[in-house]
Structure formats: C-alpha cells, structure tokens
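Asker: Test case, fold it:
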Amino acid sequence: MSDHTSKRLRSELWLNDHMESGEPTLYFDRFANFGMTRGELQSSRPVIGIAQSGGDLVPCNRIHMTLAQRVKDGVRDAGGIAFEFPLHPLQETCRRPTAALDRNLAYLGLVEVLCGYPLDGVVLTTGCDKTTPACLMAAATVNLPAIVLSGGPMIDSYFQGKLAGSGMVLWEARRMVAAGELDENGLLDLVCAAVPSAGHCNSMGTALSMNSLAEALGMSLPGCAAIPAPYAERAQIAYETGRRIVDMVREDLTPNKILTREAFENAIVVNSAIGGSTNCPPHLVAIARHMGVPLDVRDWERIGYEVPLLLNVQPAGKYLGEGFHRAGGVPAIIAELLKAGKLHRDALTVTGSSIAENNACAKILDTNVIHPYDQPLKQKAGFLVVSGNLFDSALVKTSVISEEFRRRFLSTPGSEECFVSRVIVFDGPEDYRRRINDPSLAVDESCMLVMRGAGPLGYPGSAEVVNMTPPDYLVKRGVRLLPCMGDGRQSGTSDSPSILNASPESAAGGNLAILRTGDQVRVDLANRRVDVLLSDEEIAERRKGLAQDGLKHESPWQELYRSNVGQLETGACLEFAIGYRDLRQVVPRHSH
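Answerer: Numbering: from 1, shown residues only. I've put the predicted structure just below:
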C-alpha cells in the first residue's frame, strides 16, 4: 500500500487553507463552542465522520448510540478527530409506506454530507435492512475512505422453549391466528418474545444478510457482521473500526479499490452459502451501479445458484444469529468457500489485506450451525432468475423451498420442477386482506396468490407484501404456504418460496397488470420460465384496456422518487444519480 501521509488531507481545504487564510476561521469557529481547540482542528490530523444510523426511531440500530463513543475512542487513539452526524432514519418495521422508499433519500443525504463537510473518511454504522445499502451506495459515489460497522443481531430469542427468529416469527404467528391456534394477545406475546435485546433481526433476514455481504465485499473488519449487539466484542470491534479508518485515510484506501467486480462476485457466492435474503440483489446491484461496476440480476444465478447452503439459520435452517457468531460467523463461511475454490482470493478489503489473508485461520466451531462445504444442508441453494410473458426478470429463493412444498408443486412425474396454477390476483395488500377469505374466490391448495402494484413506482418504494398467508380454511387444513408471485418484495425473514421482484412492475407497464383471477400460470423452474397461458393476441387485447398511470403522490419526496426511480432488476436507483462518481475530488465553493 502506498504511503500517502505527506498528501494534504481534504479536511484542510476547510480548516487549514493558507491560500485563503480568512476562510478557515469561518469553518472551525463554531466547533469551539463545544470545546474543540484551534490546535486540534488545524493539526492536519484525519477528520473522520461517523454516520449515525441509530436513534429512537430506528431501534434496530439504536446500539450505535453507545457504540459511537468506542468508534471515537479508536479514532482518537489512532491520531484522528471524529465527528458524529445523523443519517436519515431507516427502520424497516415502522416506516410507512415502506423503508425502501427512503433508501435513496438517505443515500442522497449522506452523499451531500460527505461532499460538503471537512471529512477525510467515514465510519458507516449499519444494521436494519436499508441502512447498509444506503451507506454503501453513498460511499461508492463519493469514494472517501469508508468502513462499515454493523450493529449486530439480537441475542437468540425463544418462545415456549424453542428458537423463534425475530421477523420470521411474525409470519408463523399470522398462520397460527388464521388456524385459530392463537388470539390477538397471543400473537403480541409471541412477536414480542422474539425481540429479547438490542440489535437487528437475529434470523437471516435482510439485515443480517446485508451486513454479512458488507463483510464479504471487504468493507467490514473480519467477523464484524454476526457479533450480537449486546456482546462486549461488538464494542471492541467498534473501537478497532475507529482505529482502522484513520489508517485507511493515510493509506488512501478508498471504496473503488475494494468494491471491484471480484468483490461483488464473492458477495453473491457468500449470499447463497448463508441463505441470504432476496432483497440483497437489488441492493448489491445498486451499490455496483454507483461504483461503476457491471453487475446484472442474472449474475445472481450464473455465479450463485450452484453454491450449496452451508448455514443452518432461520428461515432456511434451524438456528439464529447468536449461534451463527459462536459457530465462526462470516469468516468460517468464507474459509469453507475459499477451500472449495469458490471465491476470488485476492480481493482487497478494508484491512489492507486480501479476503484470503484475513480469513486464513478461520474455521467452523460448530458443525450443527455451519456445515462443511462437502456436507451442506442443501445443494444448489442460490437464486433462480426467471422470465416469461409476464415480466423480464424475477427471483426465486431456492433455499427455502421445503420438501412439503416441493412434493405438492414440483414433483409431478415427467414434469418435475414445473406446475400450473390458477391465480388469485390482488391489487395491493389492502385488497388481499379484505378478500383473501372470500369463499367466492375458491382458493384451494393448488392456487397461486399474486400481488401487484407493489413495486418501486406502484407502492411507492416496493413493499415486502408478496409473502401472503393462505385463506384461514386452508391453514386450518394444514396448508401453510401457497405459491406467491408479485412485483414487490418479501421480508428476508420469510420462508415463503415466492416469485419476487418482478420487473417491469405492473405500474411500469409490466404484464402482471393484465392478469385476472382465474388465469392459468405455468411455472417452469427447470427452464426458468413463468408464463400466463394466454395467446399473444389475448395479451395484446388486454393491454389495450389497461388504465393510464393513476399514481397518487402523498408527499413531495414520493413525486421526486417516482419521477426518477428505476426497476428492481437494476437496483431501484435514482437513475440521474448513477453518473456521479468520485465526488471527493470536487472542491465545493466557499459558503461566505
């Protein structure tokens, strides 16, 4: 790594500019009002931002409100100066209509902070689903030295003596209510029992998936992703992260040197091995596009489908995040994949060393939780990318296809991996909740439930509403799951083997808009096809009758978002933002 210690720091353009000596006083004088000295600010020490994602509105990341001090300790001990600042709140379980709407808003805000303030590097505090991609998208755009500190999962949660994964337990509780096994109070008790401590979801939902992928990308210190939030090790790695970012500034170790095509391919492989969320593809594609790295949704199948499932964690397995950490965490997964020759060994990481060097000594500590590569839980555990006459692309998460589901839908002799279903179509989750138990729909165990109007434009933001529970009378007969399909997403904690992220969405002219309840849809996983069994002429005729765009904006941001957002297959990015790169090179004009 080159020595850049003699290079002027970016922060000095604000705080120590001898070319325009009257300006620095303006920029640092207000910092004196809480006790900082001119000597500190003009000492040519690296100035490190801490992007604070925690707060009372973001309980999954609230641990960062205390971790930030350990980051500051590390920054100070390494010779830097730390400034903590807020990130737009992104709480998956509370933001309506969906936190996905604000991923791009938080990204924009963070880009402006990193560009407009005297920062030389940044610690990105992540946790809940959208905080990780928002932070990494901004880091890719600005290209300041950056490092991810995730907040970690909750400790293991239990209900009546059994592991009950946060997030995932909600979907099971809804089935129990439908079956008459649980009343409203019991539902609340069960769901609350699944949140025993500080931290994000302890199942392999989108939060733990994306933070694991941040580590696989090389943007976190080894072992960071799976340390439970309350553990002492979490505060210790916060300190080490603070120390490391200062050296990254001195080494000029920037995201464009880490977030390479090889790094993204490594992340796809790791995602398959851990049974990661279907929300990861649009997020990783978005990060790659902002970095200028070619990455297509079909790369997820090409690179990741053949990879086996190694991690036995809910929803694809049995255990939870605390067990994942104790079994060796992401380093143990990476070590197995390296031995199998499935990763790019030389991919650079925030340590300044390669992913292979970082994890050379890692090993599995509990083979019940992390299986060896040659003894996986499941072969070929990656995503399938399907297309047909309803959409150009959609995702299927194979690691959650249960034996019971496979027996009912994918085991017909001579037509394995293929089924035909009568579809029941819903226009949004409100329509689904209102009509799912309507006997006139005649939903049976062979039907498919379809959710449309749930994509980036239609919702807006793309909501986690595709994983739908069957009608009550089927649940009471033991039918836990029906095939689901939609242009929205589903929670990473869901065990439903749905067809998700259909692009283009119905609101963008996709053919889900022409589907009618009662249509027959053929799903052929072997040939990666999903088709409505209608003639081209009938499809064309139905398209003629489609209503024009009737989207109603409920806020200024929704209108701006809808005017610029792309589809899920290309990352649901603000398309105008993709062309902005390496913004750390921009020298903003003076403010007075």
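
Asker: shaky segments in this structure?
Answerer: Residues of the chain meeting the criterion pLDDT under 70: 1-6, 21.

Asker: what packs against the longest helix seen in it?
Answerer: Assignment by DSSP state H gives helix 232-251 as the longest helix of the chain. On a contact count with 3 or more C-beta pairs under 8 Å, 6 or more residues apart in numbering; DSSP states H and E, helix 232-251 meets strand 47-52, helix 64-77, strand 121-126, strand 146-150. Heads up, the C-betas are built off the backbone N, CA and C, glycines and all.

Asker: Try it again at 7 Å.
Answerer: helix 64-77, strand 121-126, strand 146-150 (3 or more C-beta pairs under 7 Å, 6 or more residues apart in numbering; DSSP states H and E).

Asker: between those, which gets nearest to Ser354?
Answerer: Using C-beta to C-beta as the measure, strand 146-150 is the one of those that comes nearest Ser354, at 16.3 Å.

Asker: returning to that earlier point: next, the angle strand 146-150 makes with the longest helix of the chain.
Answerer: Comparing the axes of helix 232-251 and strand 146-150 via axes from the mean of the first three to the mean of the last three C-alpha atoms, to 10 degrees yields an angle of 180 degrees.

Asker: Now do the buried residues in the next helix-or-strand element following helix 232-251.
Answerer: Downstream of helix 232-251, the next assigned helix or strand under DSSP states H and E is helix 255-258. Buried positions in helix 255-258, judged by neighbour count with 16 or more other C-beta atoms under 10 Å: 255, 257-258.

Asker: which other residues reach the longest helix of the chain?
Answerer: 1, 4-5, 46, 48, 67, 70-75, 77-80, 120-121, 123, 145, 147, 149, 152, 221, 224, 227-228, 350, 352 (C-beta atoms under 7 Å, 6 or more residues apart in numbering).

Asker: Of those, grab the buried ones for ChimeraX.
Answerer: Here is the ChimeraX selection string for the buried members of the contacts of helix 232-251, based on 16+ other C-beta under 10 Å:
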select :46,48,67,70,71,72,73,74,75,78,80,120,121,123,145,147,149,152,221,224,227,228,350,352
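
Asker: got a markdown table for the helices and strands packed on helix 232-251, with distance to Thr469 too?
Answerer: As requested, the helices and strands packed on helix 232-251 are exported to a markdown table (distance: least, C-beta to C-beta, whole Å):
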| stretch | distance to Thr469 |
| --- | --- |
| helix 64-77 | 34 |
| strand 121-126 | 31 |
| strand 146-150 | 31 |
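
Asker: Enumerate every residue touching Val195.
Answerer: 154, 157, 166 are the contacts of Val195 under C-beta under 7 Å, 6+ apart.

Asker: mind listing what the closest residue to the first one other than its chain neighbours touches?
Answerer: Take Met154 and drop its neighbours on the chain: the residue closest to it by C-beta to C-beta, 6 or more residues apart in numbering is Gly199, 3.8 Å away. For Gly199, the contacting residues are 60, 63, 151-154, 228-230, by C-beta under 7 Å, 6+ apart.

Asker: Could you do Asn368 as well?
Answerer: Contacts of Asn368 (C-beta under 7 Å, 6+ apart): Asn312.

Asker: Surely it forms part of a helix?
Answerer: No - counting by DSSP: H, G, I helix; E, B strand; the rest coil, Asn368 is not part of a helix but coil.

Asker: doesn't Arg522 make contact with Val420?
Answerer: Yes - taking C-beta atoms under 7 Å as the definition, Val420 is a contact partner of Arg522 at 4.9 Å.

Asker: about what we covered before: hey, what's the angle from the longest helix of the chain to strand 121-126? Just curious.
Answerer: 150 degrees.

Asker: The protein: strands as residue ranges?
Answerer: Listed in chain order, the strands of the chain (DSSP state E) span 47-52, 81-86, 121-126, 146-150, 158-159, 162-163, 383-386, 393-397, 418-427, 448-452, 484-486, 499-503, 520-524, 529-532.

Asker: Distance to Arg96 added to these, as CSV?
Answerer: Converted to CSV, the strands of the chain look like this (distance: least, C-beta to C-beta, whole Å):
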stretch, distance to Arg96
strand 47-52, 23
strand 81-86, 21
strand 121-126, 22
strand 146-150, 25
strand 158-159, 27
strand 162-163, 30
strand 383-386, 28
strand 393-397, 25
strand 418-427, 18
strand 448-452, 17
strand 484-486, 19
strand 499-503, 21
strand 520-524, 31
strand 529-532, 30
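
Asker: now for these, which one comes closest to Arg10?
Answerer: strand 47-52 (8.2 Å).

Asker: That closest one pairs with which strands, parallel or anti?
Answerer: Paired neighbours of strand 47-52 in the sheet (DSSP bridges): strand 81-86 (parallel), strand 121-126 (parallel).
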